[in-house]
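Q: what's the 3D shape of this:
(one chain, ligands or ions: 1)
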Amino acid sequence: MRKADSRSFWDDRADEDAFFFVDNRLEYGHPDLERFWRGGEQDLDTLLGSLGVELDRSQSVVEIGCGVGRLTRVLARRAADVRALDVSERMVALAREHNPELGNVTWLLGDGESLEGVETASADACVSHVVFQHVPEPRITLGYVREIGRVLRPGGWAAFQVSNDPSIHRPRRGLARLRDAAKALLGRAPRGQSDPAWRGSAVDLDDLRGAAAEAGMTVERIEGAGTQYCLVLTRLAGT
Ligand SMILES: C[S@@+](CC[C@H](N)C(=O)[O-])C[C@H]1O[C@@H](n2cnc3c(N)ncnc32)[C@H](O)[C@@H]1O
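A: A predicted model of the protein is given here:
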C-alpha cells in the first residue's frame with residue numbers, strides 16, 4: 001500500500017464521521033461528543049497505567065496518530081509540550097479546530113511511515129493508541145518503532161498499542177460483508193471497513209523486540225500479548 005492511499009483513506013473517514021472512526025464504540029453518524037472526549041482521558045490512563053508509567057510537566061511528548069486530538073488534549077495538560085502527528089491532513093485540521101486552546105501542542109502532518117519533522121533525541125516519551133492496529137503492513141509499524149528510538153532522549157520511554165492477533169485482520173467474506181457494504185453505500189453504516197487501511201495488521205512480538213533493539217531500546221513490558229489490544233513499553237538505553 002502506498003503512503004498516499006493511507007492518507008486519502010483517513011482523509012475520507014475524517015470527512016465521513018471523524019469521531020466515529022477515531023472511536024468506533026460511538027454510534028455511527030450520531031457521536032456523543034462528551035463521551036468521546038472523556039474517553040480520551042480514560043484510554044490514556046488505561047495505556048499508561050497498564051504499563052506502569054506516568055507523565056510529568058517537565059516532559060516533551062510525541063504522539064503518533066493523534067486523530068482529532070482526543071488524547072492530545074490530555075497529554076497537553078500532563079506534559080510540557082506535545083508534538084502530535086497524523087498521516088491525515090483532514091484529521092490534523094479537525095484537531096486544530098477542536099483544540100484551539102492548546103498552546104503547547106505542535107500539530108504535524110506525517111508521511112505515514114516516519115517521524116520526519118521530529119528531531120533526533122528530542123522527546124522524553126512517545127505515545128500511540130489505536131493507530132498501529134490499522135497500519136496495513138507490519139513493516140511500517142516496525143519502522144515507526146525504530147523512529148521512536150531515534151526521537152527519544154536517552155532513558156526516554158514509549159507506551160503504545162499494537163495488534164498481536166492476526167485473525168482480526170483477515171478480509172471479511174460472505175453475506176454479512178455484502179450486507180454491511182450495501183448499508184454503507186446507503187449511508188447507514190461506516191464505509192471502508194474492508195479497506196487494508198482500516199483492517200490493518202498484527203505485529204509479531206519477536207519482530208517488535210528486534211526493531212526496538214536495532215534502535216537501542218529494550219522492550220520493558222508487554223500487556224495483552226495475543227490480542228488486538230497489546231500494550232508495549234519500550235525504553236531507550238541511557239539516562
Ligand atoms: C482510530 S484513530 C485514533 C486516533 C487517536 N490515537 C485516538 O485514540 O483518539 C487512528 C488515527 O491514526 C491515523 N493513522 C493511520 N495510519 C497512520 C500512519 N501510518 N501514520 C500516522 N497516523 C496514522 C489516522 O489518520 C487516525 O487519525
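Q: Quick one: name whatever helix or strand follows the least confident helix or strand in the chain by mean pLDDT.
A: Lowest mean confidence among the helices and strands of the chain (mean pLDDT, DSSP states H and E): helix 174-185, at a mean of 80. Sequence order places helix 196-199 as the next helix or strand after helix 174-185, per DSSP states H and E.
Q: how about the strands in this structure?
A: Along the chain, counting by DSSP state E, strands occupy 60-64, 81-86, 105-109, 123-128, 152-162, 217-223, 230-236.
Q: of all those strands, which lies closest to P138?
A: strand 152-162 (8.9 Å; Cβ to Cβ). Bear in mind the C-beta positions are built from the backbone N, C-alpha and C, glycine included.
Q: I'd like to check what contacts the closest one. Which residues are they?
A: Applying Cβ atoms under 8 Å, 6 or more residues apart in numbering, the contact partners of strand 152-162 are 47-48, 51, 53, 64, 121-133, 141, 148, 202-203, 208, 217, 220, 229-239.
Q: From those, list the ones also adjacent to the ligand.
A: The subset of these within reach of the ligand, by Cβ under 6 Å from any ligand atom, is I64, H129, V130, V131.
Q: Look at F9 and say how many residues are nearby.
A: By the measure other Cβ atoms under 10 Å, the count of residues near F9 is 22.
Q: pLDDT at it, what is it?
A: The model reports F9 with a pLDDT of 97.
Q: Hmm, H129 and I64 touching each other?
A: No - counting by Cβ atoms under 8 Å, H129 is not a contact partner of I64; they are 9.0 Å apart.
Q: quick one: the residue located most distally from the centre of the chain from the ligand, how far?
A: Centroid-distance maximum for the chain: L175 at 30.8 Å, with Cα atoms, centre = their mean. Shown here: L175 relative to the ligand, a distance of 27 Å by Cβ to the nearest ligand atom, to the nearest Å.
Q: just A215 next, same as before
A: Taking Cβ to the nearest ligand atom, one finds A215 at 17 Å from the ligand.
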